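J.: coordinates for the following, if possible.
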Amino acid sequence: MTNNTDDFYRNITERVIELSKEVAAYIEKESLNFSLDTVETKSKNDFVSYVDQEAERQIVRVLKEIMPEAGFVTEEGTAHDSGEEYLWVIDPLDGTTNFIHASTPYAISIALTYKQEPVVGVIYEITRKEIFYAWKGSKAYLNGKEIHVSETDKLPEALIVTGRPHHYMDRYPELLGSVDYFLKNTHGLRLSGSAASDLAYVACGRYDGRFEFNLKPWDIAAGVLIIQQAGGYISDFKGGNDYFRNGSVLASNKGIFEEFKTVIGGLFEY
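T.: As a prediction, the model looks like this:
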């Protein structure tokens, strides 16, 4: 990593942070008068609103100016990739179900990948006005202050968070088994409804670990980089790094990672 490359990714990160603030202001404004009547159902328990769609349009428009040569992987399909080496991976409103019910958390998640490796990651958790970010070679930060994963070194002493995927019925017994295990064998299990926010919270030590299956790249791309730069560990359920393809992710600090991975491997067949 050269200094020039570091400056390049740092500059992009700073511009994405400013963009996230602008789009978050729009989302906050719309939340004041939002109506459930405007919500569309993509599939069971998978919702989209005009807020998601407009936020994505705003993000894509500015990112095209920041890096015209990059393609896009977006949740709402506003823009697409055409085989570019650089790709923006965007979730304009992660936690839509929370948003439409005036609950928390929900976040903007923007990552830049190079040859499928995240090199810039920004997560803006809107309800707490918290911006988590990192770039390749940097530390991880929350609102300008360096962050680290927790130091918990035993899974029974960990606070774990998970999510319910939109398409969960095909693995429903395994999901219930994991809930039963972590409720009984840790300090607790949380389900917040925003994968991006959860990964950011692992990065800053609020949670000790997170797991979920059937995720999409836009759910996790920014969080993967931020956790790694915060000293954390990430793998898919098989212990590899194929999470963007198979959608399974477990993330934690170093102290519980091997034990966490072993437990997840025993609970889920992959």
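
J.: pull the contacting residues for the spatially most central residue of the chain.
T.: With distances taken as CA atoms, centre = their mean, residue 196 lies nearest the centre of the chain, 2.5 Å away. Residue 196 makes contact with 91, 94, 95, 107, 108, 109, 123, 125, 219, 220, 222, 223 under the criterion CB atoms under 8 Å, 6 or more residues apart in numbering. For every residue, glycine as well, the C-beta is placed using N, CA and C.

J.: run through the strands of this protein in chain order.
T.: With DSSP state E as the criterion, the chain has strands at 40-43, 46-48, 71-74, 86-94, 107-114, 117-125, 130-135, 140-142, 145-147, 159-162, 188-191, 209-212, 233-235, 249-252.

J.: which of those strands sits closest to residue 265?
T.: strand 249-252 (9.2 Å; CB to CB).

J.: for the closest one, packing partners?
T.: helix 195-203, strand 209-212, helix 217-229, strand 233-235, helix 254-267 (3 or more CB pairs under 8 Å, 6 or more residues apart in numbering; DSSP states H and E).

J.: if we use 6 Å, what do you get?
T.: strand 209-212 (3 or more CB pairs under 6 Å, 6 or more residues apart in numbering; DSSP states H and E).

J.: who are the packing partners of the strand it packs on?
T.: Using 3+ CB pairs under 6 Å, 6+ apart, strand 209-212 sits against strand 159-162, strand 249-252.

J.: do that again at 8 Å, thanks
T.: Checking 3+ CB pairs under 8 Å, 6+ apart, strand 209-212 ends up next to strand 159-162, helix 195-203, strand 249-252, helix 254-267.

J.: for residue 189, what are its contacts?
T.: Per CB under 8 Å, 6+ apart, neighbours of residue 189: 160, 161, 162, 179, 182, 183.

J.: can you report how many residues neighbour the second one?
T.: For residue 161, the neighbour count with other CB atoms under 10 Å is 25.

J.: identify the bridge partners of it.
T.: residue 190, residue 210 (DSSP bridges).

J.: distance of it from residue 21?
T.: 26 Å (CB to CB, to the nearest Å).

J.: ok, the first one next?
T.: Counting by CB to CB, the separation of residue 160 from residue 21 is 31 Å.

J.: excluding chain neighbours, what is closest to residue 89?
T.: Leaving aside its sequence neighbours, residue 89 sits nearest to residue 221 (CB to CB, 6 or more residues apart in numbering; 4.0 Å).

J.: how near is the spatially closest residue to residue 150 that is not a sequence neighbour to residue 87?
T.: Leaving aside its sequence neighbours, residue 150 sits nearest to residue 205 (CB to CB, 6+ apart; 3.9 Å). Separation of residue 205 from residue 87 (CB to CB): 29 Å.

J.: comparing these two, which residue is more hemmed in?
T.: residue 87 (25 against 18).

J.: which residues does the more buried one contact?
T.: Contacts of residue 87 by CB under 8 Å, 6+ apart are 70, 71, 72, 73, 81, 112, 113, 116.

J.: quick one on the thing from earlier: in CSV: the strands of the chain, plus mean pLDDT.
T.: Formatted as CSV, those follow (pLDDT from 0 to 100):
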stretch, mean pLDDT
strand 40-43, 61
strand 46-48, 59
strand 71-74, 94
strand 86-94, 97
strand 107-114, 98
strand 117-125, 98
strand 130-135, 98
strand 140-142, 98
strand 145-147, 98
strand 159-162, 98
strand 188-191, 97
strand 209-212, 98
strand 233-235, 98
strand 249-252, 98
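
J.: wait, which of those is closest to residue 54?
T.: Nearest of the strands of the chain (CB to CB): strand 86-94, 8.3 Å.

J.: strand partners (parallel or antiparallel) of the closest one?
T.: Going by DSSP bridges, the partners of strand 86-94 are strand 71-74 (parallel), strand 107-114 (antiparallel).

J.: and it with strand 117-125, angle?
T.: On the basis of axes from the mean of the first three to the mean of the last three CA atoms, to 10 degrees, strand 86-94 is oriented at 20 degrees to strand 117-125.
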